[in-house]
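S.K.: okay, here's the prediction I keep looking at, along with the sequence it came from:
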Amino acid sequence: MVYFFQTTCGQYTIYMGRDKYENEDLIKYGLPEDVWFHVDDLSSAHVYLRMKPNMTLDDIPENVLLDCASLVKANSIVGCKQSSVYVVYTRWKNLKKTADMVDGQVGFYRPDNVRRIKVEKNNSLVNKMNKTKREDYPDLYQLQQDRLREIQMEKKEQRRQLEKQKKMEELKRKQEKEAKSYDRIMNVGDMKSNIEVEATVDNTAAEAYEEDFF
C-alpha cells in the first residue's frame with residue numbers, strides 16, 4: 001500500500017510507503033521525475049515528490065520543498081519529537097541499492113547530487129497535507145514501464161523532429177545556393193557577345209543598303 005498526499009499548493013503529488021518493505025518497491029520502481037526525501041542520520045519514512053516532466057531540483061518551489069521535508073520529519077519516530085532536523089533529498093535515479101544493504105537502506109551513485117536542508121517542526125502544515133491523504137495499491141512496475149515507454153516515444157519524436165528540421169535546413173541551403181549560382185542567373189549559351197551583336201547590326205545595314213541600291 002502507498003500513501004498519497006497533495007502539496008499545500010495543490011500542484012504536486014507526494015507519496016510514501018507504509019513500511020520498509022514497501023520502501024523497497026518504491027526504491028526499485030520509481031519514476032525519472034521522482035525526488036526522494038529522508039531525514040538525515042535518522043530512521044524515517046521514504047517520501048517521494050513527483051516532479052513535472054523536465055523539471056530539475058532547482059525548479060522545485062521552496063514551499064514544495066518545505067512540504068516534503070515537513071512530512072518526512074513527521075514520519076520519523078525520533079525526528080518528529082525534535083524541534084528541527086536535517087533532511088536530505090536527491091533524484092530517485094541517484095539512489096543506489098546493493099545486495100548487502102538491509103531493507104530500506106540506500107546509497108547514492110553520485111553523493112555530490114544529494115542536497116541537505118534544515119526543517120523546523122510544523123504541525124499545522126503536516127495536518128493540512130494529512131487531510132489530502134489517500135491509500136492506494138498501484139502496480140508500481142507497470143507504472144514505471146508505462147512511463148519509460150512514454151519517454152522513449154517522446155525521444156523518438158524529438159529525433160524525428162530534429163531530423164525533419166535538419167532536412168529542411170539542408171534543402172533551404174541548397175535552394176539558396178542554386179539561387180545564387182551563375183548557372184541559374186545567366187545561361188551562357190543564350191547570350192551573344194558584343195562582336196556577334198555588332199556583326200549582326202553591320203550585316204543588317206549592308207543588306208538594307210544593297211536593297212536600296214538595286
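M.R.: Okay, I see it. Numbering: from 1, shown residues only.
S.K.: show me what the helix ranked longest in the chain is packed against.
M.R.: The longest helix of the chain (DSSP state H) is helix 140-180. Applying 3 or more Cβ pairs under 8 Å, 6 or more residues apart in numbering; DSSP states H and E, we find helix 140-180 packed against helix 20-28. In this view, the C-beta of every residue, glycine as well, is placed from N, C-alpha and C.
S.K.: how far does the helix it packs on sit from its chain's centre?
M.R.: The gap between where helix 20-28 is centred and where its chain is centred comes out at 25 Å by Cα atoms, centre = their mean, to the nearest Å.
S.K.: neighbouring contacts of that helix?
M.R.: 1-2, 15-17, 45-46, 48, 95, 97, 103-104, 106, 140 (Cβ atoms under 8 Å, 6 or more residues apart in numbering).
S.K.: any chance of those residues in JSON lines, with distance to Arg115 too?
M.R.: Shown next, in JSON lines, are the contacts of helix 20-28 (distance: Cβ to Cβ, whole Å):
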{"residue": "Met1", "distance to Arg115": "29"}
{"residue": "Val2", "distance to Arg115": "24"}
{"residue": "Tyr15", "distance to Arg115": "20"}
{"residue": "Met16", "distance to Arg115": "19"}
{"residue": "Gly17", "distance to Arg115": "22"}
{"residue": "Ala45", "distance to Arg115": "18"}
{"residue": "His46", "distance to Arg115": "16"}
{"residue": "Tyr48", "distance to Arg115": "15"}
{"residue": "Leu95", "distance to Arg115": "14"}
{"residue": "Lys97", "distance to Arg115": "20"}
{"residue": "Asp103", "distance to Arg115": "25"}
{"residue": "Gly104", "distance to Arg115": "20"}
{"residue": "Val106", "distance to Arg115": "15"}
{"residue": "Leu140", "distance to Arg115": "25"}
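S.K.: can you flag the buried ones in the residues you listed?
M.R.: The neighbour count (16 or more other Cβ atoms under 10 Å) marks 2, 15-17, 45-46, 48, 95, 104, 106, 140 as buried among those.
S.K.: spatially nearest residue to Ile109 (excluding sequence neighbours)?
M.R.: Rather than Ile, residue 109 is Tyr. Spatial nearest neighbour of Tyr109, excluding adjacent residues (Cβ to Cβ, 6 or more residues apart in numbering): Lys96 at 5.0 Å.
S.K.: now the phi/psi pair for that neighbour, please.
M.R.: phi -120, psi 130 (degrees, to the nearest 10).
S.K.: so it bridges to which residues?
M.R.: With DSSP bridges applied, Lys96 shows beta-bridge pairing to Gly107.
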